[in-house]
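*Asks:* Provided below are the primary sequence and the corresponding predicted coordinates.
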Amino acid sequence: MQTMYQQMDADALAQAIEALRAQVEEVKARGLALDMARGKPSPQQVDISRPMLDILSSDADLHDGNVDCSNYGFFEGIPSARALASEMLGVPAEQTLVLGSSSLLLEHDICGQFWRCGSLGSEPWADYSAKHNGETVKFLCPAPGYDRHFGITADLGIENVPVPMTGEGPDMDVVEAMVASDASIKGMWCVPKYSNPTGETYSEKTVRRLATMKTAAPDFRIFWDNAYCVHDLYDETDDLANIFDYTRGTENEDRVVAFVSTSKITFPGSGVAFVGASPAVIAEVSAFLKMGLISADKMNQLRHVRFLPNLDAVRSHMKKHAEFMRPRFEAVERKLAEGLGGTGCATWTHPRGGYFVSFDGPDGSAKRVAALCAQMGVKLTPAGATWPGEDPRDTNIRIAPSYPSVEELEAALDVLVLAVKLVAAELAAEERA
Ligand code: PMP
């Protein structure tokens with residue numbers, strides 16, 4: 001598709017650029033300092049979980065049933081927390097662990113475990129290359145995706161291979177063809193609901209194909225990071241099929257390792273993190289992590305389950321979060337539609353939940369747009385971060401609307417719209433030169 005600037009004659013284009021540059025100078029003079037970089041809730045939004053902090057006072061009963069949460073023991077997590085994990089992950093409580101406060105750290109540690117030790121008797125991923133003519137181990141990375149996932153695998157020396165997204169998850173024709181023929185592909189990152197950053201939810205067909213596809217690597221693992229499983233904006237929600245329904249009792253039983261945390265339910269960084277997998281994988285992960293941990297913070301687990309005893313309680317708490325998030329997502333949609341609708345300069349996603357909107361400008365624009373926004377006082381997630389390695393077309397920008405106030409967000413989006421227009425106009429002029 002052509003941008004409106006590509007369709008202008010040379011004089012009109014030169015005038016448009018001059019006018020846009022003048023607007024940019026005006027904005028720079030305002031000295032804005034706005035941040036749309038990382039997906040974190042606003043301070044007021046975090047405050048809705050404060051009542052949880054009053055639950056464990058010095059005279060509180062610190063037992064969960066007959067488990068004393070004030071002492072060592074129960075490495076796997078307290079029973080009530082494992083019951084909640086079971087509901088959120090879609091596996092029986094015995095197949096869950098409640099550990100620490102960060103799902104990302106669990107993903108990091110478990111990926112590192114498979115790298116160093118292998119999984120269920122297979123050779124360590126770290127040894128693969130030496131035994132297979134120097135071929136590198138690879139991970140499939142639906143892109144645009146989550147930069148911190150790509151960082152975990154890249155740090156181990158795993159090659160991240162981008163896979164396109166379709167609007168209902170990764171392109172499964174591409175995924176199936178790759179994993180069927182290449183045993184060096186050992187795993188895949190997935191954020192199956194309200195994906196970071198596109199906001200899309202994997203369709204039932206995508207979930208089923210991921211669970212049942214043939215893989216050349218017998219130890220292929222899906223890191224199923226369901227970080228946004230309850231993060232709906234509207235009463236009408238996206239539905240995600242339970243991937244374990246398709247693997248249970250099959251030859252692919254051990255394929256999926258699922259993660260959830262309460263970082264964006266209660267307190268980011270001070271929530272509880274859950275992992276769920278097959279009985280065999282949970283046993284091996286547990287054995288490994290036990291080397292470095294006697295038991296996790298069970299007081300925090302107790303506080304959480306007294307505040308949010310089950311999935312229904314979590315869902316009603318999430319409705320309060322949605323009150324903060326909905327106007328912000330709607331502001332993004334409104335500002336982008338007003339500023340860029342019909343210009344041919346951009347497309348963006350329209351999520352019904354999660355934390356992000358994925359934005360694509362013209363080819364070769366994203367880095368320039370982010371730099372121009374920075375000059376105008378608006379910080380964005382670094383352009384290209386949503387891709388493993390480089391964004392091949394340099395189009396994608398992740399918009400994180402949760403932290404600023406609606407007014408700040410609107411101001412930041414005006415800046416983004418202006419930057420996209422100027423860069424699109426300059427690109428059109430450079431194309432002709
Ligand atoms: N996974 C995804 C997809 C995320 O977007 C984030 C950021 N909230 C995390 C994991 C990090 O979660 P945690 O705080 O549990 O480590």
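*Replies:* Here it is on my side, so go on.
*Asks:* Check which residues of the helix ranked longest in the chain are buried.
*Replies:* As assigned by DSSP state H, the longest helix anywhere in the chain is helix 311-340. Within helix 311-340, the residues scored as buried using 16 or more other C-beta atoms under 10 Å are 314, 317-318, 321-322, 324-325, 327-329, 331-333, 335-336, 339-340. All C-beta spots, glycine's among them, are computed from the backbone N, C-alpha and C.
*Asks:* in its sheet, what does the next helix or strand after that helix sit against?
*Replies:* Beyond helix 311-340 on the C-terminal side, the first helix or strand identified by DSSP states H and E is strand 347-348. Here strand 347-348 is paired, per DSSP bridges, with strand 357-360 (antiparallel).
*Asks:* Identify all contacting residues around the partner strand.
*Replies:* Here strand 357-360 makes contact (C-beta atoms under 8 Å, 6 or more residues apart in numbering) with 144, 197-199, 329, 332-333, 336, 346-351, 366, 386, 395-399, 401, 416.
*Asks:* Pull out the buried members of these.
*Replies:* 144, 197-199, 329, 332-333, 336, 346, 348-349, 351, 366, 386, 395-399, 401, 416.
*Asks:* residue boundaries of the helices in the stretch 1-150 of the chain?
*Replies:* For the stretch 1-150 of the chain, the helices defined by DSSP state H, counting those that start in this stretch occupy 10-29, 43-47, 79-89, 103-117, 125-131, 147-156.
*Asks:* Quick check: which of those has the most neighbours on average?
*Replies:* Comparing the helices of the stretch 1-150 of the chain by mean neighbour count (mean count of other C-beta atoms under 10 Å), helix 79-89 comes out on top with a mean of 23.
*Asks:* Give me the neighbour count for residue 62.
*Replies:* Neighbour count for residue 62, taken as other C-beta atoms under 10 Å: 15.
*Asks:* Next: residue 294.
*Replies:* 8.
*Asks:* could I get the helices of the stretch 1-150 of the chain as JSON lines with mean pLDDT and distance to residue 429?
*Replies:* Formatted as JSON lines, those follow (pLDDT from 0 to 100; distance: least, C-beta to C-beta, whole Å):
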{"stretch": "helix 10-29", "mean pLDDT": "97", "distance to residue 429": "6"}
{"stretch": "helix 43-47", "mean pLDDT": "97", "distance to residue 429": "42"}
{"stretch": "helix 79-89", "mean pLDDT": "98", "distance to residue 429": "52"}
{"stretch": "helix 103-117", "mean pLDDT": "98", "distance to residue 429": "43"}
{"stretch": "helix 125-131", "mean pLDDT": "97", "distance to residue 429": "47"}
{"stretch": "helix 147-156", "mean pLDDT": "98", "distance to residue 429": "32"}
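*Asks:* just the residues of the stretch 101-250 of the chain that are near the ligand, which are they?
*Replies:* Contact residues, the stretch 101-250 of the chain versus the ligand (C-beta under 6 Å from any ligand atom): 102-104, 146, 191, 196, 225, 227.
*Asks:* Please pick the buried ones from these.
*Replies:* With neighbours counted using 16+ other C-beta under 10 Å, these contain these buried positions: 102-104, 146, 191, 196, 225, 227.
*Asks:* Identify those among these that sit within strands.
*Replies:* Judged by DSSP state E, strands contain the following of these: residue 225.
*Asks:* Now the helix or strand of the chain with the lowest mean pLDDT: buried residues?
*Replies:* With mean pLDDT, DSSP states H and E as the measure, the helix or strand of the chain carrying the lowest mean pLDDT is strand 34-36 (a mean of 91). For strand 34-36, the neighbour count (16+ other C-beta under 10 Å) marks 34, 36 as buried.
*Asks:* again with stretch 173-184
*Replies:* Under the neighbour-count criterion of 16+ other C-beta under 10 Å, stretch 173-184 has 174-176, 178-179, 182-184 buried.
*Asks:* could you pull out the strands for the stretch 151-300 of the chain?
*Replies:* Under the criterion DSSP state E, counting those that start in this stretch, the stretch 151-300 of the chain contains strands at 159-164, 185-190, 221-225, 256-261, 273-276.
*Asks:* So which residues make contact with the fourth one?
*Replies:* This means strand 256-261. Here strand 256-261 has contacts from 85, 88-91, 101-103, 106-107, 110, 211, 221-227, 229, 243-244, 247, 271-278, 281, 285, using C-beta under 8 Å, 6+ apart.
*Asks:* Residue 388 in helix, strand or coil?
*Replies:* coil (DSSP: H, G, I helix; E, B strand; the rest coil).
*Asks:* and if you look at residue 420?
*Replies:* Under three-state DSSP, residue 420 comes out as helix.
*Asks:* The one 5 residues further on too?
*Replies:* Secondary structure of residue 425, reduced to three states by three-state DSSP: helix.
*Asks:* returning to that earlier point: looking at the helices of the stretch 1-150 of the chain, which is nearest to residue 299?
*Replies:* For residue 299, the closest of these is helix 79-89, at 11.2 Å, according to C-beta to C-beta.
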